[in-house]
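Engineer: The following block contains a protein sequence and its predicted model.
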Amino acid sequence: MIRALILGGTADANLLADNVSRAGLDAIYSYGGRTRAPANQPLPTRVGGFGGASGLADYIRRERITHVIDATHPFAAEMSRNAVAACADSGTPLIVLERAPWARTSGDNWIEVADIASAVAALPEHRARVFLAIGRQHIAPFAARPQHAYTLRFVDPPEGPLPFDADVIVSRGPFTLEDELEMMQSRGIEWIVARNSGGDGARAKIDAARTLGLPVIMLARPQLPDGPRAESVTEVMQWLGHPACLGA
Ligand code: 3Y8
Ligand code: NAP
C-alpha cells in the first residue's frame, strides 16, 4: 500500500500533488515554511523542517511512508541531501523530480557563475540598475557593492531592515513576459542576477532580458547526490505505478 511523502514548494510539486490526489493515492505534501501563506494543496499538508536527515528518517518511520518524491527546487540543496541520507537510512525508495536547467540560446547575454560571491564580483564597478531575482535568503553579500540601484523581488514583505538600500517588489510568481518587460523597462533595469531554476514559473525574466538585450548573471545549480530522477510528473506517476492524469 503506497503512502507517499512529497517534498514540495514548487510549481512541479503542485502539479504532482494534483495528479497524486486525483489518482486517489495516500500522500502527504510538505512545505519548508518559508512563506507566510503557501498555496493550498489537494493533499494533507505539513509545514516546517523535519530536524535534519535524522528527523526526516524518524518522520518516515513514524508516518509509515513507503515512497519519497523530492520535488523541491534545484537550489534547495540541503533538503535534497537530507532526503538522500534519510531514505538510505530508512530503506525508503526516493525519486527526485528535477526540471531541466534553462539552456543559453542565441541572443542570451549570460555571465555564468558558480556562487553568490562570483555574482557580486561580476557586477560592473560603475553604478548600475540591478534586478536581484534570487529571493531573500542570499542577498546580504551584495552589500559589498552599495553603489548600485537594486530592485529585489520577495514572496512576502521584508520583515526587518535590508542589508542595503533597495526597491522591493513583493510578488510570488509565476511571472509573465509582458509583466517582466514592463517592470524592467519602467525601472530602467540594466543587469539581472538569477538562479538557473529551470521550469516555466521563473523563466519570463530570462526571456525579457534577451528581448531587451540585458546581461544576466546566471547562478549555476548546486551539485546534488546521484540517484533516481524524473523530469516529468508522468515519470513520477509511472514510478508510483499509476498512469498520470491529463495535463501532467
Ligand atoms: C515556499 C510556495 C506555484 C509555485 C511558484 C517555481 C516557480 C514561482 C520562481 C523571481 C524568482 C525564487 C523564490 C521563486 C520561484 C515559483 C514557485 C518559484 C523564485 C514559492 C513557495 C515557497 C517559496 C520559497 C521561496 C524562497 C525563494 C524562492 C522566491 C508557496 C512561492 C527567488 C527562487 O522569502 C523567502 O524566504 C523565500 C524563499 C526559497 C528563494 C530564496 O532564497 O529567497 N522560493 N517559493 C516553499 C516552502 O515553504 O516549502 O508559497 O506557495 C514557490 C515558487 N517559487 O505556486 O506555482 O516552481 O520555481 N521562488 C529562484 O528561482 O531563484 C523567484 O523573482 O524571478
Ligand atoms: P534548503 O535550504 O534546501 O532547506 C533548508 C531546510 O529547510 C531543510 O534542511 C529542511 O529543514 C527545511 N526544508 C526545506 N524544504 C522543505 C520541505 N519542502 N519540507 C520540509 N522541510 C523543508 O531549502 P530552501 O532553498 O530554503 O527551500 C525551502 C522551500 O522553498 C522548499 O520547499 C523549496 O522547494 C522551496 N523553493 C525554494 C527555492 C529556492 O530557490 N531555494 C525556489 C522555489 C521554491 P530540516 O533540516 O529541519 O528538515
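Structural biologist: Perfect, I can see it now. Numbering: from 1, shown residues only. Ligands and ions are numbered 1, 2, ... in the order given.

Engineer: Neighbours of Glu159, how many?
Structural biologist: When counting by other Cβ atoms under 10 Å, one arrives at 8 neighbours for Glu159. C-betas here are computed from N, CA, C, even on glycine.

Engineer: OK, contacts around the closest residue to Gly241 other than its chain neighbours?
Structural biologist: Of all residues not flanking Gly241 in the chain, Ile2 sits nearest, at 7.4 Å (Cβ to Cβ, 6 or more residues apart in numbering). Counting by Cβ atoms under 8 Å, 6 or more residues apart in numbering, Ile2 touches Leu25, Asp26, Ala27, Thr66, His67, Leu240, Gly241.

Engineer: so who does the fifth one touch?
Structural biologist: Applying Cβ under 8 Å, 6+ apart, one finds that His67 lies in contact with Ile2, Arg3, Ala4, Leu5, Thr92, Pro93, Leu94, Ile95, Trp239, Leu240.

Engineer: tell me which element Ala121 is part of?
Structural biologist: Element membership of Ala121, judged by DSSP states H and E, is helix 116-122.

Engineer: can you list contacts of that helix?
Structural biologist: Contacts of helix 116-122 (Cβ under 8 Å, 6+ apart): Ile111, Val113, Ile134, His138, Pro141, Phe142, Ala144, Arg145, Val193, Ile217, Leu219.

Engineer: Can the helix or strand following it be said to contact ligand 1?
Structural biologist: Toward the C-terminal end, the helix or strand that comes next after helix 116-122 (DSSP H and E) is strand 129-133. Yes: applying Cβ under 6 Å from any ligand atom, one finds strand 129-133 touching ligand 1 at Ala133.

Engineer: Given strand 129-133, what are its sheet partners and their directions?
Structural biologist: Counting by DSSP bridges, the strands paired with strand 129-133 are strand 149-154 (parallel), strand 191-195 (parallel).

Engineer: Show me the one of those that comes nearest Asp12.
Structural biologist: strand 191-195 (15.3 Å; Cβ to Cβ).

Engineer: Rounded mean pLDDT for the next helix-or-strand element following that closest one, please.
Structural biologist: With elements assigned by DSSP H and E, the helix or strand that comes after strand 191-195 is helix 204-212. Summarised as a single mean, pLDDT over helix 204-212 is 98.

Engineer: ok, now stretch 220-230?
Structural biologist: Computed over stretch 220-230, the average pLDDT equals 94.

Engineer: does ligand 1 sit close to the helix holding Ala121?
Structural biologist: No: Helix 116-122 does not reach ligand 1 (Cβ under 6 Å from any ligand atom); its nearest approach is 10.4 Å.

Engineer: Is there proximity between that helix and ligand 2?
Structural biologist: No: using Cβ under 6 Å from any ligand atom, helix 116-122 never reaches ligand 2; the gap is at least 12.0 Å.

Engineer: Which parts of that helix count as buried, going by neighbours?
Structural biologist: Along helix 116-122, these residues count as buried under the neighbour rule (16 or more other Cβ atoms under 10 Å): Ile116, Ala119, Val120.

Engineer: Pick out whichever of these sits closest to Arg34.
Structural biologist: The closest of these, once distances to Arg34 are taken by Cβ to Cβ, is Ile116, at 17.8 Å.

Engineer: Now stretch 36-56 - C-alpha only, CSV.
Structural biologist: This file holds the C-alpha atoms of stretch 36-56, laid out as CSV (Å, rounded to 0.1, in the frame of the first residue of the first chain):
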residue,chain,number,x,y,z
ARG,A,36,3.5,33.2,5.1
ALA,A,37,0.7,31.8,3.0
PRO,A,38,1.8,28.9,0.8
ALA,A,39,-0.5,27.7,-1.8
ASN,A,40,-3.2,25.2,-0.7
GLN,A,41,-2.7,21.6,-1.8
PRO,A,42,-5.3,18.8,-2.5
LEU,A,43,-3.4,16.6,-0.1
PRO,A,44,-2.9,16.6,3.7
THR,A,45,-0.1,19.1,4.2
ARG,A,46,2.7,19.6,6.8
VAL,A,47,4.8,22.8,7.1
GLY,A,48,8.3,23.2,8.6
GLY,A,49,11.6,21.4,8.9
PHE,A,50,11.9,17.8,10.0
GLY,A,51,15.0,18.4,12.1
GLY,A,52,17.8,17.3,9.7
ALA,A,53,18.2,14.0,8.0
SER,A,54,17.7,12.1,11.2
GLY,A,55,14.4,14.0,11.8
LEU,A,56,13.2,13.1,8.3
